[in-house]
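Here is a sequence with its predicted model. Questions after.
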Amino acid sequence: MERKVLGRTDIEVSAVCLGTMTWGSQNTESEGHAQADMALDHGVTFWDTAEMYPTNPVRAETVGDTESIIGSWLASRGGRSRIEIATKITGAGQTAVRDGAPITGSGMRQAVEASLARLRTDYIDLYQLHWPNRGSYHFRQAWRYQPKVCDRAEVEAHMLDVLQTAGELIGEGKIRAIGLSNESVWGAALWHQLAQQHGLPRMASVQNEYSLLCRQFDTDWCEFSMVEDMPLLAFSPLAAGLLSGKYAGNVTPEGTRRSFTPDLGGRVTPQVFPAVAAYHAVAARHGLDPCQMAIAFCLSRPFDCIPILGATTTAQLATNIGAADLHLSQDVLDDIAATHRLHPMPY
């Protein structure tokens with residue numbers, strides 16, 4: 001497994017990341033442990049979680065269970081230094097966590113302490129803000145996006161509060177780096193500006209959705225990511241399973257994510273199945289597994305892209321991890337580009 005340094009930090013991670021958000025809902029603790037074992041056996045040492053996981057749906061009674069499953073794995077297997085853990089503080093509005101309170105410095109400190117306890121570790125490698133207090137255009141909100149009219153001074157005060165707390169937590173050895181998620185280019189630029197002006201920790205990375213079906217990162221974000229050395233942790237590189245083809249014909253196999261979330265978070269549209277079929281045709285023409293092609297596409301981007309691989313079975317995870325060794329030819333990339341022009345934004 002290729003390894004790389006995460007942006008401008010000194011944290012070395014695997015080229016792909018293990019997603020864990022189904023552990024505790026679709027996956028039992030033992031199944032989560034089996035996935036963790038397989039990931040580590042294949043060199044996937046970078047694992048992503050969040051305090052509000054598991055999802056589908058997020059429930060107050062299960063908040064934190066995914067971190068606890070990782071913690072019990074660490075307790076039974078040991079070797080904390082073998083893996084890099086990324087987790088997140090929940091953004092404003094998710095009532096299952098802290099009654100939907102917005103992110104603050106003091107709230108972040110409390111959340112870090114709680115995550116450390118559940119993870120049974122004394123440090124977190126990458127601590128991310130799950131989404132900004134300002135709101136965002138992610139998760140299909142782009143169709144009706146209107147940035148909140150707010151006081152810039154208020155936004156800057158909030159960011160400084162968070163960055164100052166991050167600096168303290170880094171100084172205490174409780175986190176190694178801080179990062180963003182579901183953020184805009186403007187927001188990331190302001191975080192960087194304030195960090196530089198005040199000598200505070202720099203946001204190391206951004207976790208936004210990215211796949212063959214969701215290409216919002218390809219324009220302004222692409223430039224920002226490359227110039228600022230801010231890698232993308234790409235969540236849903238298989239578009240919540242759509243790109244696997246298992247929902248073809250608009251079916252819902254039992255036990256799949258769609259059986260819990262029928263529209264897959266707004267991804268199921270009349271346009272999506274023709275787009276999936278077109279990408280499957282590309283994979284078939286070139287003798288490729290469609291899941292591996294989709295993940296390898298993320299790895300081929302000009303910006304530094306680390307796809308987050310989520311799975312509900314070890315067989316799925318093994319296939320997805322195999323994409324790390326797949327290098328797409330220019331003919332494949334050209335076919336993908338032509339398909340994207342025909343199906344530019346299917347959801």
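Perfect, thanks for sending it.

Might you report the residue contacts of the spatially closest residue to residue 322 that is not a sequence neighbour?
Excluding its sequence neighbours, the residue lying closest to residue 322 (Cβ to Cβ, 6 or more residues apart in numbering) is residue 292, at 5.7 Å. C-beta: built from backbone N, CA, C; applies to glycine. Residues counted as contacts of residue 292 (Cβ atoms under 8 Å, 6 or more residues apart in numbering) are 319-320, 322-323, 326.

And the helix or strand bottoming out on mean pLDDT in the chain, what does it pack against?
Using mean pLDDT, DSSP states H and E, helix 257-260 stands out as the lowest-scoring helix or strand of the chain, at a mean of 91. Helix 257-260 is packed against no helix or strand, with contacts defined by 3 or more Cβ pairs under 8 Å, 6 or more residues apart in numbering; DSSP states H and E.

May I see the buried residues of it?
Neighbour counts over helix 257-260 (16 or more other Cβ atoms under 10 Å) mark 257-258 as buried.

gap between it and the chain center?
A distance of 19 Å separates the centroid of the chain from that of helix 257-260, by Cα atoms, centre = their mean, to the nearest Å.

Could you identify the helix or strand that succeeds that helix?
As assigned by DSSP states H and E, the chain's next helix or strand after helix 257-260 is helix 272-285.

what is the mean pLDDT for that next one?
Helix 272-285 shows a mean pLDDT of 98 in the predicted model.

same check, this time on stretch 13-22
In this model, stretch 13-22 has an average pLDDT of 98.

What separates the first and last residues of it, distance-wise?
22 Å (Cα to Cα, to the nearest Å).

Pick the one among the contacts of residue 292 closest to residue 310.
residue 320 (8.3 Å; Cβ to Cβ).

Give the buried residues for the helix or strand hosting that closest one.
Here residue 320 sits within helix 314-322, counting by DSSP H and E. The neighbour-count check on helix 314-322 (16+ other Cβ under 10 Å) flags 316-317, 319-321 as buried.

And that helix, how far out from the chain middle?
The chain centre lies 18 Å from the centre of helix 314-322; the measure is Cα atoms, centre = their mean.
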